[in-house]
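> I'll drop the sequence and a predicted model, then ask my questions.
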Protein chains: 2
Amino acid sequence: MSPRPQIDHIRRPQILGAASEVIVERGIAATRIADIAERAGTSGPALLYWFDSKDAILAEALSYGEESFYEATTRRLEQLERPGERMRLLIESSVDDYDWTLWMELWTRSLRDEGAAAARLKLDRRWRQEIEREVRAGQQAGEFPTEDAPERVAAIIACLIDGLAVQATLRDPEFPPGRMRELAIGITEQLLGAPLPELPEPSSKDLETSNEESGPLALAEGEQNDRPPG
Amino acid sequence: MSPRPQIDHIRRPQILGAASEVIVERGIAATRIADIAERAGTSGPALLYWFDSKDAILAEALSYGEESFYEATTRRLEQLERPGERMRLLIESSVDDYDWTLWMELWTRSLRDEGAAAARLKLDRRWRQEIEREVRAGQQAGEFPTEDAPERVAAIIACLIDGLAVQATLRDPEFPPGRMRELAIGITEQLLGAPLPELPEPSSKDLETSNEESGPLALAEGEQNDRPPG
DNA sequence: TGGTAGTTTGAACGGCGGTTCAGCTTTCGC
DNA sequence: GCGAAAGCTGAACCGCCGTTCAAACTACCA
């Protein structure tokens, strides 16, 4: 039908990736179409060929990074069995491997933008349920002595991490790197009533795929992916 | 010296108040000089007579609201004796009487603006130390059984409140009004090892002054304060 | 080779909004 | 009153940036 293979499944993620990078650097308010275009290696109007407007790009870019992070974490989660380990992975990945800048921009935009609010709600709820599931599993397996409602424990942990992340992201000197992790793990253990086991070293098999997911915002630069799949 | 009494101590707070109101409504990114001017009852260039630039207004406005809130809370704090009561007041006022919108805007701006970052740091630290002081006092008075470091407990409480506030401010259906309060109080009691006593009814004397502080962002509208103090 | 649809570009448009400026009004000291 | 400084205003200026548009380019197919 089309004399040339369509490449929207290539271009659109490229643009969204470039956009989320620029947003992290400049902030959503200061992000210009020209910035995204430069980062993506094209120019202004090309972006508007793929998206209806600048606003549309920003809206999608905001949750694009979160999705990648969620998928990467979920994949690592599958390799762990015990609720304690899985819980530690959830906490440590959000502390160590995640750039909260984009998330904070999403918060602020959600104050007035319904679309952003809906996206945030969905992402946040999914994350909280991930935690809740582990709490429940740990309780049923007898690993976590707490008798608190899993839903309550999950809410507290999730909110605490959010709050800690703000301080850490804003470089509060009272929250140097490592303190966030220590506090998050510490409180979680206190809430659950049991220590969280250290994570096993990632196997070499895991490292093989790690270059395609080195951080949620990592993107192929330039044109290296820019050809039809055939 | 001056043929007419200078009124900068009147005008500047008026403008800053108007600015913070507009910021709450429209967000810092969408706030225009004309909006602030309209709210303050003047017009564009008048603002630039009192401030160097739009950016200068926004910068000051961001912490203006926080300062008012802090002062109001400090005043109420003086009327309470027991650390448990004082702690409850700290938590409840930040949950019930505070509009976190401005604070979230300050976070986002602090990501790239050094001035905002410094202001935020100062305000946040002051707040955390307020909590820490009560924790310590309660421990020494034997009211709080916990043996955790006050500084640690304070950090956790402050961060948790931040995180809860985000959910509540963004109208997360899982955090309806009241749940944030219940969780914040609950966790604090859990951390301290003792229940926080209910606050006594505010005396009628307190209510007398309440119209000048009905919320941290409340401002005299129109010109009612617009005359020299003499 | 020429046609076609997909994709990109340079240039130009147009509105929004911060800032400037030249005067006007107001208030007060003399 | 009168002059001077403080405070304010309307109008104009001007740069920035999102968007549009017509034309070019590219890859594929007949």
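Structure received.
> Could you count how many residues lie near A:W50?
17 (other C-beta atoms under 10 Å in any protein chain shown). The way it works is simple: take the backbone N, C-alpha and C, and place the C-beta from them, glycine included.
> Run through the residues that contact A:S110.
A:A116, A:A117, A:A119, A:R120, B:L170 (C-beta atoms under 8 Å, 6 or more residues apart in numbering or on different chains).
> And A:L196, by the same measure?
Counting by C-beta under 8 Å, 6+ apart, the residues that A:L196 touches are A:G84, A:E85, A:M87, A:R88, A:I91, A:I185, A:T188, A:E189.
> Setting aside sequence-adjacent positions, which residue approaches it most closely?
Nearest non-adjacent residue to A:L196, counting by C-beta to C-beta, 6 or more residues apart in numbering or on different chains: A:R88, 4.2 Å away.
> Over to A:R120?
The shortest distance from A:R120 to any non-neighbouring residue, by C-beta to C-beta, 6+ apart, is to A:S110 (4.7 Å).
> any idea how far B:T146 is from that neighbour?
Separation of A:S110 from B:T146 (C-beta to C-beta, to the nearest Å): 35 Å.
> Next: A:R109.
Taken as C-beta to C-beta, the span from A:R109 to B:T146 is 39 Å.
> higher neighbour count, those two?
Between A:R109 and B:T146, counted using other C-beta under 10 Å, A:R109 has the larger neighbour count: 22 against 16.
> From the chain's centre, how far out is the helix or strand harbouring that one? Work that out for me.
Here A:R109, judged by DSSP states H and E, is contained in helix A:100-110. Put simply, helix A:100-110 sits 11 Å off its chain's centre (C-alpha atoms, centre = their mean, to the nearest Å).
> Now do the helices in chain A.
A:8-26, A:33-40, A:44-50, A:54-77, A:83-96, A:100-110, A:114-140, A:150-169, A:179-192, A:204-208 (DSSP state H).
> residues contacting the closest residue to A:Y64 other than its chain neighbours?
Once flanking residues are discounted, A:Y64 sits nearest to A:L16: 4.4 Å by C-beta to C-beta, 6+ apart. Going by C-beta under 8 Å, 6+ apart, A:L16 touches A:I57, A:E60, A:A61, A:Y64.
> Now for the second one: which residues touch it?
Neighbour list for A:E60: A:L16, A:A19, A:F51 [criterion: C-beta under 8 Å, 6+ apart].
> 6 Å - rerun?
Neighbouring residues of A:E60 by C-beta atoms under 6 Å, 6 or more residues apart in numbering or on different chains: A:L16.
> Could you measure from it over to A:P145?
Taking C-beta to C-beta, one finds A:E60 at 44 Å from A:P145.
> Check the third one too.
The gap separating A:A61 from A:P145 is 43 Å, by C-beta to C-beta.
> between those two, which one's more packed in?
Of the pair A:A61 and A:P145, A:A61 is the one with more neighbours under other C-beta under 10 Å, namely 26 against 10.
> quick one: that one and B:T146, what's the gap?
44 Å.
> burial measure for A:E71, as a count.
11.
> That one and DNA strand C: what is the separation?
Using C-beta to the nearest atom of the strand, to the nearest Å, A:E71 is found at 25 Å from DNA strand C.
> again, but for A:G65
22 Å.
> Verify the contact between that residue and A:S20 for me.
Yes - counting by C-beta atoms under 6 Å, A:G65 sits close enough to A:S20 to count as a contact (4.6 Å).
> Which one's more surrounded, the two?
A:S20 (31 against 27).
> which residues touch that one?
Contacts of A:S20 (C-beta under 6 Å, 6+ apart): A:A61, A:Y64, A:G65, A:L102, A:L217.
> looking at it, the first one is touching A:A19, isn't it?
The one in question is A:A61. Yes - using C-beta under 6 Å, A:A61 is in contact with A:A19, at 3.6 Å.
> tell me, how many neighbours does the closest residue to A:I23 other than its chain neighbours end up with?
In space, not counting the residues next to it along the chain, A:I23 is nearest to A:T31; the distance is 5.3 Å by C-beta to C-beta, 6+ apart. Neighbours of A:T31 under the rule other C-beta under 10 Å: 22.
> next one: the one 10 residues further on
Counted with other C-beta under 10 Å, the neighbours of A:G41 add up to 13.
> For it, give me the pLDDT.
For A:G41, the pLDDT comes out at 92.
> quick one, phi psi at it?
When quoted as degrees, to the nearest 10, the phi and psi of A:G41 stand at phi 80, psi 20.
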